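**Q** below are the sequence and a predicted model for it; my questions follow.
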Amino acid sequence: VNIPEVTAKKLEFLKQINPNIKKVLTFDAVFSDPAQVSGLAELDKQAPKFGITVVKYKIQSPPGPLGNAEIQKYMQALKPGDFDAFLQPAGPVAGDFGGFKILLVEVKRLKLPAVYLNIPFVKAGGLFSYGHDTFGVGEQAAVIANKVLKGIKPSDIPIEFATANELDLNLKAATEIGVTFPDIMLSIAKVKVTQ
């Protein structure tokens, strides 16, 4: 994944939804992985370019029931207006569907525009996602696998990023929190969930 490009587009889409977004909530975690670390570092780097301050709440417990309980406690303490948007980080924190379900309830209560990692989170009720086209990545991987099967050493094959990213929108979720997607987002969205 081209993390700088994807991160910048997520922030750009949030600003298209509401140009007044200034304070974005996300999570960090003691139990992390490289995707989360690099994604959050890139978020810190990109956010000021959009006039956004990122506030990270650090989850101390491991992913799963303990981490989810911590997410729930933190989210339930928030009041509408504390934040302008939410961004789901990569990695294990808030990445399972137990944590996601908590976030889904709370971001709706807080009426926060929220960007999620990928299409399964949008189909399950999240507002929108932007990231690599998973089917396209599979096709790219098949081409690379074919080269290896034909005898090309993996070390001789250049590293590739996903060649296509996709924007997925949940129109029902938008209605529930009073968000209107701008025409530009509607025109480029690959998937539009309506139920």
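**A** On my side now, so go ahead.
**Q** got the residue ranges for the helices in the protein?
**A** Here the chain has its helices, by DSSP state H, at 3-17, 34-46, 65-76, 97-110, 119-123, 134-149, 171-177, 183-188.
**Q** pick out the shakiest of these, pLDDT-wise.
**A** Mean pLDDT values for the helices of the chain show the minimum at helix 134-149, a mean of 66.
**Q** of the helices of the chain, which is nearest residue 85?
**A** helix 3-17 (5.1 Å; CB to CB). Bear in mind the C-beta positions are built from the backbone N, C-alpha and C, glycine included.
**Q** any idea how far residue 87 is from residue 169?
**A** Distance, residue 87 to residue 169, by CB to CB, to the nearest Å: 16 Å.
**Q** equivalent analysis for residue 114, please.
**A** Taking CB to CB as the measure, residue 114 falls 12 Å from residue 169.
**Q** quick one: common contacting residues for the two?
**A** Common contacts of residue 114 and residue 169 (CB atoms under 8 Å, 6 or more residues apart in numbering): 127-128.
**Q** mean neighbour count for the helices of the chain - can I get that in TSV?
**A** TSV is the format used below for the helices of the chain (neighbours: other CB atoms under 10 Å):
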stretch	mean neighbour count
helix 3-17	19
helix 34-46	17
helix 65-76	17
helix 97-110	18
helix 119-123	19
helix 134-149	12
helix 171-177	16
helix 183-188	12
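**Q** so which of these gets nearest residue 165?
**A** With CB to CB as the measure, helix 3-17 is the member of these nearest residue 165 (6.4 Å).
**Q** which residues are in contact with that closest one?
**A** 21, 24, 38-39, 42-43, 45-47, 49-50, 52, 85, 87, 113, 115, 128, 130-132, 165, 167, 179-182, 184-185.
**Q** go again with 7 Å.
**A** 21, 38-39, 42-43, 46-47, 50, 52, 85, 87, 113, 115, 128, 130-131, 165, 179, 181-182, 184-185 (CB atoms under 7 Å, 6 or more residues apart in numbering).
**Q** now swap in stretch 33-44 and tell me
**A** Residues outside stretch 33-44 that contact it (CB under 7 Å, 6+ apart) are 3-4, 7, 26, 28-29, 54, 56, 87, 89-93.
**Q** swap in 6 Å and give it another go.
**A** Applying CB atoms under 6 Å, 6 or more residues apart in numbering, the contact partners of stretch 33-44 are 3-4, 7, 28, 54, 89-91.
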